[in-house]
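**Q** got a structure for you, letters missing:
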DNA sequence: GGCTCATGTAAAAGCCGTTCACATGAGCTG
DNA sequence: CAGCTCATGTGAACGGCTTTTACATGAGCC
């Protein structure tokens, strides 16, 4: 991937040609290295090889750059979740769990996006298009919850899908922000964040009446392919 | 509560007399108004009526002030959780739920402490005494989980208390940081954060085999006083 | 070929964090 | 009480950041 002009400052005319994009990339780099607080507008400009005033031709101020990154992050996030959900294939429950894992994977692999989205301190409702992007991403979780709710075992009250979605979101976000990333907020854990979240979601689903232990002969087995786990947290000793 | 010298800059000698405390208070004010990022060392100094260099006699740098606040926050947090847990009275499950609510209440009522503790971007492990304070607070949740695990219905595998504690922590933190505070991260919800978290915890506990719907004649009723709720999310229509 | 306007620069104002040499005076010592 | 000492506060200064303003450049269009 090479831009029209080499992205280094090497022999570049008066005009950069791709500054907006270069600034977004630089900001991503910097945020992932030093967090959204440590990132400076001037640094991004330097990295792109332009003067400190140049970015103002493309972003009203520093916050707007961060908001742009958050926006882009929500878009990638939405696409990742969509892919993970895969319209509920091969079965609703395991697709649902995959969504939780995708959430965590995103937080770990795209820490810069994740912090811009959730830890930058920007009010979510300041920017309507940002808010909309955030809601589109959440809509994936919501749709998944909707499908899951429809599978509620007959006889039990059907859980509100919106509530389930919010619960899953909060679990994923909680695990991701407390234990998820390598360098910030490191706390010792007896298990990986992924396993922690998986167990949490499975226990939760079981609490709703979804028989996630997948033993043959259960109601869930009618829709789910057989699994071999004995319970949400591995084999008890 | 009046200090030796009136805390305003009004007729104050060369020495402040209580600068460290005044700075901590000022920082709390500022952080709760403008977030941990918006807070500046110079502002705190101004608010205390001293020169911008004075704070350096009490804190190595800005981060150390924030860490001090986080530390103090963890201490208050621990005390609040201890009080909420009340050693499991009147019954383990309801005390457990009270702990979740206390978590949320703290996030809402002490946003400045909460952000310093969880959203300031300070590496938790940078300061050993901070880390220790954080662990003491978490120990309350852990102890509660321990007691709850001991009540696991016979016949089912007993869940690891540590895991339960981490689950509860992540749920509480997830709800608090996504929906908890009035002004940052405002997202529309069909229910209050408190109700959302309560339902989440109840469903989770049910998933572990704790019969939290509290109908007479259940195993849980042997330890729990009777309640009147029909399920974790109110009456289904 | 010449115009225009988006895009870049230079310079400057104002703020912040941080450091350093120096000032002050609270509290101890005799 | 006199005098000393050292914790605590001051002022000035450095470098860096954000943001604004007036000006420069040249890409794309007529």
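**A** On my side now, so go ahead. Remember, predicted model here, so these are calculated numbers, not experimental data.

**Q** Can you name every helix or strand that the helix or strand hosting residue A:98 contacts?
**A** Here residue A:98 sits within helix A:92-109, counting by DSSP states H and E. Using 3 or more C-beta pairs under 8 Å, 6 or more residues apart in numbering or on different chains; DSSP states H and E, the elements in contact with helix A:92-109 are helix A:62-85, helix A:111-118, helix A:128-150, helix A:161-175, helix A:193-207. From N, CA and C alone the C-beta is placed, and that goes for glycine too.

**Q** Out of those helices, flag the one nearest residue B:24.
**A** Within these, the stretch nearest residue B:24 is helix A:111-118; the backing value is 26.7 Å (C-beta to C-beta).

**Q** follow-up on the earlier one: can you lay out the helices and strands packed on helix A:92-109 as JSON lines showing distance to chain B?
**A** Shown next, in JSON lines, are those (distance: least, C-beta to the nearest C-beta, whole Å):
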{"stretch": "helix A:62-85", "distance to chain B": "10"}
{"stretch": "helix A:111-118", "distance to chain B": "8"}
{"stretch": "helix A:128-150", "distance to chain B": "8"}
{"stretch": "helix A:161-175", "distance to chain B": "3"}
{"stretch": "helix A:193-207", "distance to chain B": "3"}
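
**Q** Please convert those helices to a markdown table, extending it with distance to residue A:43 and mean pLDDT.
**A** A markdown table is the format used below for the helices and strands packed on helix A:92-109 (distance: least, C-beta to C-beta, whole Å; pLDDT from 0 to 100):
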| stretch | distance to residue A:43 | mean pLDDT |
| --- | --- | --- |
| helix A:62-85 | 11 | 96 |
| helix A:111-118 | 14 | 94 |
| helix A:128-150 | 23 | 94 |
| helix A:161-175 | 29 | 96 |
| helix A:193-207 | 30 | 94 |
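
**Q** Turn these into JSON lines, columns for mean neighbour count.
**A** Below are these laid out as JSON lines (neighbours: other C-beta atoms under 10 Å in any protein chain shown):
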{"stretch": "helix A:62-85", "mean neighbour count": "19"}
{"stretch": "helix A:111-118", "mean neighbour count": "24"}
{"stretch": "helix A:128-150", "mean neighbour count": "18"}
{"stretch": "helix A:161-175", "mean neighbour count": "24"}
{"stretch": "helix A:193-207", "mean neighbour count": "23"}
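
**Q** got the ones you listed as a markdown table, with distance to residue B:128 columns?
**A** Output for these, formatted as a markdown table (distance: least, C-beta to C-beta, whole Å):
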| stretch | distance to residue B:128 |
| --- | --- |
| helix A:62-85 | 32 |
| helix A:111-118 | 25 |
| helix A:128-150 | 37 |
| helix A:161-175 | 25 |
| helix A:193-207 | 23 |
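
**Q** Let me know which of those helices is the nearest to DNA strand D.
**A** helix A:62-85 (3.9 Å; C-beta to the nearest atom of the strand).

**Q** Quick one: name the residues of chain A near DNA strand D.
**A** Applying C-beta under 7 Å from any atom of the strand, we find that chain A lies next to DNA strand D at A:13-15, A:40-43, A:52-53, A:56, A:61-63.

**Q** could those residues be laid out in a markdown table, adding distance to residue A:136 and secondary structure?
**A** As requested, the residues of chain A next to DNA strand D are exported to a markdown table (distance: C-beta to C-beta, whole Å; DSSP: H, G, I helix; E, B strand; the rest coil):
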| residue | distance to residue A:136 | secondary structure |
| --- | --- | --- |
| A:13 | 39 | coil |
| A:14 | 39 | coil |
| A:15 | 34 | coil |
| A:40 | 30 | coil |
| A:41 | 28 | helix |
| A:42 | 33 | helix |
| A:43 | 31 | helix |
| A:52 | 34 | coil |
| A:53 | 34 | coil |
| A:56 | 29 | helix |
| A:61 | 25 | coil |
| A:62 | 25 | helix |
| A:63 | 22 | helix |
